[in-house]
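A.B. asks: Return atomic coordinates for the entry below.
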Amino acid sequence: MFYFWGVNCESDFMNENVKLTFPDLFKESVRKNKERVFLSFVDENPYTYKSAEQKIYASIAFLERLGVKPGDKVAILSTNMPNWGIIYLATTFMGAVAVPILPDFQISEIKNVIEHSEAKTLFVSHGLLKKLDVEIKGLLSNIIRIDDLEVISSTKDSVAFDLDSIPGREYQIEEDDLASIIYTSGTTGKSKGVMLTHKNIAYTAIATKEIQPVNNSDRFLSILPLSHTYENTLGFIIPMSSGASVYYLKKPPTASALLPALKKVKPTLMLSVPLVIEKMYKNKILPQFQKSWHLRLLYKVPFFRKKFNQLAGKKLLNTFGGELKFFGIGGAKLDKVVERFLSEAKFPYSIGYGLTETSPLLAGANPSVMKNYSTGPAMRGVDLIINDPDPNTGEGEIWVKGPNVMKGYYKEPEATKNAFSVDGWFKTGDLGVFDKDNYLFIKGRLKNMIVGNNGENIYPEEIESVINNFRDVVESIVVEKKGKLVALVHVNKEDIEQRYRQFKDEFTLVIEKKIDEWRNELHDYINNRVNKFSRVQRVEVQSTPFEKTATQKIKRFLYNHN
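C.D. replies: Numbering: from 1, shown residues only. Modelled structure (predicted):
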């Protein structure tokens, strides 16, 4: 038995008669937008589409002189910058395969990616050179600093980048050619190389523009790593195919770097993970409504809360530059209280759903038609089904077919086989349900689901959304230990300590006592707000932050020990 939603017609909205490859999409953008800004650091001279084209083709000539051929793997270990996109496009335009590596990967993970992908050429940003140990260097024929395209080491003599050089040959790229191998930093352990074709990624970019139109007057401010498929497809290939402009920060997107950039760029579109907007709400917005007892009281009344949230929403929009029309949130589950705020604030947010294996988007909606707590309906041309749904709730594993589904896992035929059903459906590992309007609601990861003593399905993510709204909680995960539900909670200990500084000599004893009281209070708070099957037996305070993936999901496998 299946619940079904999808459209089996991928060609009827591809009205631009352009082949779904990166060079074809780019050529069309250059033709229409030569002098428009394509890529730039905030406050620096930009690449126009015309000047980017020259540098891309000069980079292809550079890669040829380094000995790179079609089918070779070229790794990119770099923070976001215009040259990231230039090298990525040059690599894929010549039929080589880009292997983006997440900047926060450990040295052992970087070595594994380079070894497994058999990449012999690496472009690395200056700040990440320290991650290249002797073993990693020994695997590579060419190491180039991506910031200025300076050759650090090469088996080829006297090779240097020359902006005036042109490729020695023409390359014919087909839609089903491999464009990229992306190694996921998963929540469940070992990373696998996801093989994505030109068509996988280009199709997703074009289809996504049906959900949110993008044109050559749009400006993106990029704050997520380009080596992640979410930012790569939606924050780079979409603007590239639309003649839009993309701006990058030279520093991590902390408030001190981000706020001035928002004022200067005035982005019309941005992509984010939940953590960014959750921090803004909990650290900046909510405290404004907690300043006095009467404000706290009024904020609990729905009528006043909505009015306050609308006012806060206007201020938030101004903080983002005042011209934002689309704020995409993906990569992890958004806190329900924060989503309620965004909805009542009339902030132009949209939640999407997808995976690296699906390039990434599967479902999404325009801010004007968003439903709270839903990711929207299936993207055009993508078939989504709920496999073997629970007869009472309609919930089950989400399966997908579509032109955006990966070719497979690189050099892992068994893992690839296990990822698909016998009749070709890709098994996402996520649990979901459709409503009567075919909007998808994600319940959690199949691997995370805990089966209770009487066979009940317990979704840790739902309990965590309750925990994360308790005072002083930074983040949490719920795990099963010896048949009992345990909440692991990272607490803002500094804030608690700040409140009891006056005790001086007895400070440590007071803090320990207060944290015990806080833990007991949190325990009661959780169990009064969840169903009886989801009640936790114990709350454990984590002294350090949880380890996370690139999209700020907690690496659960590190904490799921019985």
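A.B. asks: Please make it C-alpha for all contacts and neighbour counts, starting now.
C.D. replies: Fine.
A.B. asks: List the buried residues in stretch 551-562.
C.D. replies: For stretch 551-562, the buried set under the neighbour-count rule, 16 or more other Cα atoms under 10 Å, comprises 551, 552, 553, 554, 555, 556.
A.B. asks: Out of these, which one has the lowest pLDDT?
C.D. replies: Checked by pLDDT, the buried residues of stretch 551-562 have residue 551 as the lowest-scoring entry (71).
A.B. asks: For that residue, which three-state class applies?
C.D. replies: For residue 551, the secondary-structure state derived from DSSP: H, G, I helix; E, B strand; the rest coil is coil.
A.B. asks: Tell me which helix or strand the closest residue to it other than its chain neighbours sits in.
C.D. replies: Nearest-residue entry for residue 551: residue 331, 5.2 Å, with adjacent residues in sequence omitted and distances by Cα to Cα, 6 or more residues apart in numbering. Per DSSP states H and E: residue 331 is located in neither a helix nor a strand.
A.B. asks: Please report phi then psi for residue 331.
C.D. replies: phi 90, psi -20 (degrees, to the nearest 10).
A.B. asks: Mind putting the buried residues of stretch 551-562 into TSV with distance to residue 242?
C.D. replies: Converted to TSV, the buried residues of stretch 551-562 look like this (distance: Cα to Cα, whole Å):
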residue	distance to residue 242
551	25
552	29
553	30
554	34
555	35
556	38
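A.B. asks: Closest one of those residues to residue 21?
C.D. replies: Nearest to residue 21 among the buried residues of stretch 551-562: residue 551, at 26.5 Å, using Cα to Cα.
A.B. asks: That closest one touches residue 329, doesn't it?
C.D. replies: No - here residue 551 does not reach residue 329: they are 10.4 Å apart, not a contact under Cα atoms under 8 Å.
A.B. asks: any shared contact partners between the two?
C.D. replies: Jointly contacting residue 551 and residue 329 under the rule Cα atoms under 8 Å, 6 or more residues apart in numbering are residue 273.
A.B. asks: Pass me the low-pLDDT residue ranges in this protein, would you?
C.D. replies: The chain contains residues with pLDDT under 70 at 1-16, 185-190, 453-455, 496-497, 499-508, 510, 561-562.
A.B. asks: domains for it, by residue range?
C.D. replies: In terms of domains, the chain is parsed into 10-198, 246-404+420-445, 450-558 (source: automatic domain parsing).
A.B. asks: would you list these in TSV and tack on distance to residue 231?
C.D. replies: Formatted as TSV, the domains of the chain follow (distance: least, Cα to Cα, whole Å):
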stretch	distance to residue 231
domain 10-198	10
domain 246-404+420-445	7
domain 450-558	10
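A.B. asks: To residue 211, which of those lies closest?
C.D. replies: Judged by Cα to Cα, the one of the domains of the chain that comes nearest to residue 211 is domain 246-404+420-445, at 5.5 Å.
A.B. asks: Would you pull up how far that closest one lies from the middle of the chain?
C.D. replies: The chain centroid and the centroid of domain 246-404+420-445 are separated by 12 Å, computed with Cα atoms, centre = their mean, to the nearest Å.
A.B. asks: What's the end-to-end length of that domain?
C.D. replies: With Cα to Cα, to the nearest Å as the measure, the first residue of domain 246-404+420-445 is 33 Å from its last.
A.B. asks: same check, this time on stretch 388-398
C.D. replies: From the first residue to the last, stretch 388-398 extends over 9 Å; the measure is Cα to Cα.
A.B. asks: Could you do stretch 214-230 as well?
C.D. replies: From the first residue to the last, stretch 214-230 extends over 16 Å; the measure is Cα to Cα.
A.B. asks: Report the buried residues of it.
C.D. replies: By neighbour count with 16+ other Cα under 10 Å, stretch 214-230 contains the buried residues 214, 216, 218-230.
A.B. asks: taking those residues one by one, which sit in strands?
C.D. replies: 219, 220, 221, 222 (DSSP state E).
A.B. asks: follow-up on the earlier one: and of the domains of the chain, who's closest to residue 204?
C.D. replies: Each of the domains of the chain has some distance to residue 204 by Cα to Cα; the shortest is domain 246-404+420-445, at 6.0 Å.
A.B. asks: circling back to that earlier point, enumerate every residue touching the residue nearest to residue 551.
C.D. replies: Going by Cα under 8 Å, 6+ apart, residue 331 touches 230, 273, 274, 353, 354, 551, 552, 553.
A.B. asks: and if you look at residue 311?
C.D. replies: Under the criterion of Cα under 8 Å, 6+ apart, the neighbours of residue 311 are residue 345.
A.B. asks: Residue numbering should commence at 25 henceforth.
C.D. replies: Will do, 25 is the new start, and the previous item becomes residue 335.
A.B. asks: Of all the residues in the helix or strand that contains it, which ones are buried?
C.D. replies: The secondary structure element spanning residue 335 is helix 326-343 (assigned by DSSP H and E). For helix 326-343, the buried set under the neighbour-count rule, 16+ other Cα under 10 Å, comprises 329, 330, 332, 333, 334, 336, 337, 340, 341, 343.
A.B. asks: Please apply the same query to stretch 195-202.
C.D. replies: 197, 198, 199, 201, 202.
A.B. asks: Ok, stretch 310-321 next?
C.D. replies: Counting neighbours by 16+ other Cα under 10 Å, one finds that the buried residues in stretch 310-321 are 310, 313, 320.
A.B. asks: And stretch 276-285, by the same measure?
C.D. replies: Of all the residues in stretch 276-285, those buried under the rule 16+ other Cα under 10 Å are 277, 282, 285.
A.B. asks: One more: stretch 65-80?
C.D. replies: By neighbour count, and taking 16+ other Cα under 10 Å as the criterion, the buried residues in stretch 65-80 are 65-66, 70-80.
A.B. asks: How about stretch 121-138?
C.D. replies: Buried residues in stretch 121-138, counted by 16+ other Cα under 10 Å: 121-129, 133-135, 137-138.
A.B. asks: Just the residues you listed: which are in helices?
C.D. replies: Residues from the buried residues of stretch 121-138 lying in helices, with DSSP state H as the criterion: 133, 134, 135, 137, 138.
A.B. asks: Can you tell me which of the residues you listed lies closest to residue 103?
C.D. replies: After measuring these against residue 103 - Cα to Cα - the closest member comes out as residue 134, at 14.3 Å.
A.B. asks: about what we covered before: with distance to residue 94 as extra columns, can I get the buried residues of stretch 121-138 in TSV?
C.D. replies: Conversion of those to TSV gives the following (distance: Cα to Cα, whole Å):
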residue	distance to residue 94
121	8
122	11
123	14
124	17
125	20
126	23
127	25
128	28
129	27
133	25
134	23
135	23
137	19
138	18
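A.B. asks: Just flag the most distant two among these.
C.D. replies: Across the buried residues of stretch 121-138, the two members that end up farthest from each other (Cα to Cα) are 121 and 128, 21.4 Å apart.
A.B. asks: ok now the longest helix anywhere in the chain, how far from the chain's centre?
C.D. replies: Counting residues, the longest helix in the chain under DSSP H turns out to be helix 531-551. In terms of Cα atoms, centre = their mean, the centre of helix 531-551 is set 34 Å apart from its chain centre.
A.B. asks: Show me which positions of that helix end up buried.
C.D. replies: Buried residues in helix 531-551, defined by neighbour count with 16+ other Cα under 10 Å: 534, 535, 539, 543, 546, 547, 550, 551.
A.B. asks: Just put those residues in TSV and tack on distance to residue 160.
C.D. replies: Listed next are these as TSV, based on distance: Cα to Cα, whole Å:
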residue	distance to residue 160
534	50
535	46
539	45
543	45
546	46
547	47
550	47
551	50
